[in-house]
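> I'd like to go over a predicted model; first the sequence, then the structure.
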Amino acid sequence: MINISPPLVLDMNFKVMTVRIRNLFLMGILLDFTSDIWMLPVPSRVFMDSLNMRHVLRWTPLKDSCNTTVLYSVQYQGDFERSNNGPWLNPPECQQIPHTHCDLTFDLASNSDYIIQVRAQCRSQLSAWTGLQFNRKDTTLLPPEMKVTMTGDVLQVSINKPLTTTARVMVWRKEDELKPDVRLMSDEQEVLHVQGLQEEVEYCVKAQVVLHTGKSSEFTAPRCVFITGPCAPPWKKPITVAVTVIAMLVLLAGLCWFIVHCRPHSCAAIFIKKQLQLPSSLVWMNPIQVHVITPSEDTVTVSMLGTGSRTGSETSGLQGRSYV
């Protein structure tokens, strides 16, 4: 058994206390040094608002007083940059901005884990960086906007999808929902044409958006359409029926008004045509009179329309001639 003298124990305790005091002193110096560099507090409540593949980084503005507008800057790194000791990426639209949000939808272009940071600046004073880790596959998907129209016996389904998502469309007869026909729409496809549907049958449609990772949104509310077919009679269309009814009512109202307000003599003037008469210039006022003369007569009388008669010497030159 080794016996340690009391002076030796005291000396060891003194050395331990000396080391602890020195460490505390160095820590105080370091804290004082960092407080001189980071004089602003970091932005608080930093979170990613990601909805339908639209990614917006948000944070709470600083409450400390600043003689000028507080500006914020954002930077990020993906798995590729971190694995290759690459630099931090600075989105140009999010450098020294006065508002407290930054849209990174087109910057986060892969399904990798990103480290995203933000800091505040008041003149020459800067805060430390603070941030979070985010993967765009964690976005929240909502049911898409869907529009269903009918052209003959073809259904046209239009869906407004988020970026890099596909759509799953289900079509079924209204009375047979347990046997739907499932169709898929690619990223670029906007309209789906569903053909070969049975006429005189009501079909229903619903849709959801799906990520490549398998994550999906809820389905939209069903939309049902009655298939009339390409050769369906026009009267089956509601607009045609409405126009036809209105036209018949107007025609019936006009006929009733005509029967009530039309008097016999005025109606006769409408339906009985007047007898046509020739113009006065085409009517002979006096008939032409032609006398047959013989060589023994001395005078000739010729009567024409509006000309009177000629006698005596005026017609002596006509002797020896006969007129029929």
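Ah, there it is.
> Could you use CA atoms for every contact and neighbour count after this?
Fine.
> Does anything pack onto the helix or strand harbouring residue 133? Which helices or strands?
Assessed by DSSP states H and E, residue 133 sits inside strand 130-134. Counting contacts by 3 or more C-alpha pairs under 8 Å, 6 or more residues apart in numbering; DSSP states H and E, strand 130-134 packs against strand 44-51, strand 114-122.
> got the contact list for residue 136?
With contact taken as C-alpha atoms under 8 Å, 6 or more residues apart in numbering, residue 136 is in contact with 50, 53, 55, 108, 110, 111, 112.
> do residue 100 as well
58, 59, 60, 61, 72.
> do you know how far the last one is from residue 98?
The one in question is residue 72. 6 Å (C-alpha to C-alpha, to the nearest Å).
> Look at the two and report which has more neighbours.
The residue with more neighbours, out of residue 72 and residue 98, is residue 72; 23 against 15, by other C-alpha atoms under 10 Å.
> which residues touch the more buried one?
So residue 72 contacts 94, 95, 96, 97, 98, 99, 100, 118, 119, 120, 121 (C-alpha under 8 Å, 6+ apart).
> What of residue 228?
Shown in contact with residue 228 (C-alpha under 8 Å, 6+ apart): 152, 153, 199, 200, 201, 236.
> now do 6 Å
199, 200 (C-alpha atoms under 6 Å, 6 or more residues apart in numbering).
> ok, now how distant is it from residue 151?
Taking C-alpha to C-alpha, one finds residue 228 at 9 Å from residue 151.
> Tell me where the stretch 1-150 of the chain has strands.
Using DSSP state E, counting those that start in this stretch, the strands found in the stretch 1-150 of the chain span residues 38-40, 44-51, 54-60, 71-77, 101-103, 114-122, 125-127, 130-134, 145-151.
> Would you mind giving the ones you listed as JSON lines with mean pLDDT and distance to residue 190 added?
Formatted as JSON lines, the strands of the stretch 1-150 of the chain follow (pLDDT from 0 to 100; distance: least, C-alpha to C-alpha, whole Å):
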{"stretch": "strand 38-40", "mean pLDDT": "72", "distance to residue 190": "49"}
{"stretch": "strand 44-51", "mean pLDDT": "96", "distance to residue 190": "20"}
{"stretch": "strand 54-60", "mean pLDDT": "97", "distance to residue 190": "19"}
{"stretch": "strand 71-77", "mean pLDDT": "97", "distance to residue 190": "33"}
{"stretch": "strand 101-103", "mean pLDDT": "97", "distance to residue 190": "25"}
{"stretch": "strand 114-122", "mean pLDDT": "96", "distance to residue 190": "30"}
{"stretch": "strand 125-127", "mean pLDDT": "93", "distance to residue 190": "46"}
{"stretch": "strand 130-134", "mean pLDDT": "96", "distance to residue 190": "29"}
{"stretch": "strand 145-151", "mean pLDDT": "91", "distance to residue 190": "10"}
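> Pick the one among the contacts of residue 136 closest to residue 161.
Checking those against residue 161 with C-alpha to C-alpha, the nearest one is residue 53 at 9.9 Å.
> quick revisit: columns distance to residue 165 on top of the strands of the stretch 1-150 of the chain, output as CSV?
As requested, the strands of the stretch 1-150 of the chain are exported to CSV (distance: least, C-alpha to C-alpha, whole Å):
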stretch, distance to residue 165
strand 38-40, 41
strand 44-51, 13
strand 54-60, 12
strand 71-77, 24
strand 101-103, 19
strand 114-122, 20
strand 125-127, 38
strand 130-134, 19
strand 145-151, 13
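> Of all the ones you listed, which one comes closest to residue 247?
Closest of those to residue 247 is strand 145-151, at 26.0 Å (criterion: C-alpha to C-alpha).
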